Structures are given as structure tokens and as C-alpha cells.
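1. For reference, the sequence and a predicted model appear below.
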Amino acid sequence: EPEVTQTPSHQVTQMGQEVILRCVPISNHLYFYWYRQILGQKVEFLVSFYNNEISEKSEIFDDQFSVERPDGSNFTLKIRSTKLEDSAMYFCASSLPGQGVIGSGANVLTFGAGSRLTVL
Amino acid sequence: AQTVTQSQPEMSVQEAETVTLSCTYDTSESDYYLFWYKQPPSRQMILVIRQEAYKQQNATENRFSVNFQKAAKSFSLKISDSQLGDAAMYFCAYRSRNRDDKIIFGKGTRLHILP
């Protein structure tokens, strides 16, 4: 079964450092997402990406965050200057269009295993 | 804006018994999808079951079934014959069908399976 792959699985960084989290979505998917989950809390939407641009972003996704799909396969999340409160699990997800054929899986987001970010 | 509410932070069930996790949501849309995702200790998000709002028939996947009450905006998950491997955090989630939209999650219910 196709998978969404995320690297690294765990990254430890110093406050103020730049971090890039990488994701390889499922190859025929068109919509890409980043979510984060602070330990013990809910899964929060950060950003969605389609057709090489951001479709929607949350209040969390401020100027310190950026996303990119540099080569048609990878989808990256960059945090320019990490803060302690950025420590969280970051999930990448991808999907086909939500208005696809019912039952085809088109309305499902497939998540990666997550990248745990620890900011010291 | 849509919201998803899970009112049970934690639940416990005896192995082999049946448990129901509750979820309510709020939306002004008539067409949407609802999901239950499972997050085991590995923290991976695994799709358990999904429901299209236009379908009156409740979705089932082996031991997992839902009770979808559209008028009440309720979407509960029933797990039959609970197994130790079912122990996890369970998230109820909503996705609009009108746009290629993000998923909105509830806060989750942690399910403990008692041997």
C-alpha cells in the first residue's frame, strides 16, 4: 500500500536554529498538508498546499514557517528560527481531490509516521 | 467554522467487550466526510473508518462500526470484541466535501484495554 514517508523521524535542535522537515507524499496525490501535535494535545492544522502554492494556512503558520515542493516529489516544512514551543510531532499528509470518485479513497488524507522535533 | 468535539478524554474497556466513543460536530454544510483515526503509542495516524454524510447507512470495517446521526451531528465509534492492540488515542475528524479542504480533528479519546 502506498505510504507517505517523513524524515527525519526525530530531530533535536537548539533554539534559534533552522529546521527542515521532509516528506515524500504518495505519488499521484495532489494535495499536501502539514499538521502538528504538541505532546498530549490535539492534532492541529498548519498548512495545505496545492498546485505549487499554499491553499490555506492556520494562525500557527506564521512568518517563521514556510513550505516548498522543490522537485515534484518532496514536500518540505521549514522553520526558520525555532522556539521552545515548536517542540512537537509534525505530520505530513497527502490526498487526492476531495471530490473524487466515492469509495476511491479520494476523500482520505494519508498521514506519514511523523517527525518529532525537540527544541532545546 | 466547523468544530469537532470529543467529550470523553479517556475510556477503559475490558478485553473482548464492546466500547463506544462519542463525537459531535458542528457545521453548516450538508455534504462532508467524517473519519475516525487511531493513534497508537508509535504516534502514527491510522485511518480506522470513514463515513460520507450523504449516506444514511452506517459504515463498518470488521470490528469497527459507526453510528452516524446527521440531524444530531453525532458520529460515534463502536469497537466490538476489544483487543489489546486497540489501545490508542482515537480522533474523530471532519472534512468538507465542497472544497479540497483540511481535516479538522477533535481532541481525542484515549482508550485503555483492560486484560
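-> Done, it's in.
2. where does chain A have low pLDDT?
-> A:98-106 (pLDDT under 70).
3. repeat that with 90
-> Under the criterion pLDDT under 90, the flagged ranges of chain A are A:1-3, A:27-31, A:39-42, A:50-51, A:70-73, A:95-110.
4. swap in chain B?
-> Ranges of chain B meeting pLDDT under 90: B:1-2, B:29-31, B:41-45, B:54-56, B:95-103.
5. what does it put close to chain A?
-> B:33, B:35, B:37, B:42-47, B:50, B:52, B:91, B:95-97, B:99-108 (Cβ under 8 Å from any Cβ of the partner chain). To be clear about C-beta, it is placed using only N, CA and C from the backbone, and glycine gets the same treatment.
6. Residue of chain B nearest chain A, please.
-> Relative to chain A, the nearest point of chain B is B:M45 (3.8 Å; Cβ to the nearest Cβ).
7. doesn't A:V43 make contact with that residue?
-> Yes: using Cβ atoms under 8 Å as the test, B:M45 is close enough to A:V43 to be in contact (7.2 Å).
8. Can you name the residue of chain A nearest chain B?
-> A:F111 (3.8 Å).
9. Could you tell me how many residues sit around that residue?
-> Neighbours of A:F111 under the rule other Cβ atoms under 10 Å in any protein chain shown: 23.
10. any idea which residue sits dead centre in the chain?
-> Going with chain A. By Cα atoms, centre = their mean, chain A has its centre lying nearest to A:W34, at 2.5 Å.
11. My question was about chain B, not that one.
-> Nearest to chain B centroid, counting by Cα atoms, centre = their mean: B:W36, 3.2 Å.
12. That residue and B:L111, how far apart?
-> With distances taken as Cβ to Cβ, to the nearest Å, B:W36 is found 11 Å from B:L111.
13. my guess is B:F68 meets B:L77, correct?
-> No: if you go by Cβ under 8 Å, B:F68 and B:L77 don't touch, sitting 10.3 Å apart.
14. These two: which is more packed in?
-> B:L77 (24 against 20).
15. quick one: what helix or strand has that one in it?
-> Assigned by DSSP states H and E, B:L77 belongs to strand B:74-79.
16. quick one: contacts of that strand?
-> B:13, B:18-25, B:34, B:36, B:48-49, B:51, B:63-69, B:86, B:90, B:92, B:111 (Cβ atoms under 8 Å, 6 or more residues apart in numbering or on different chains).
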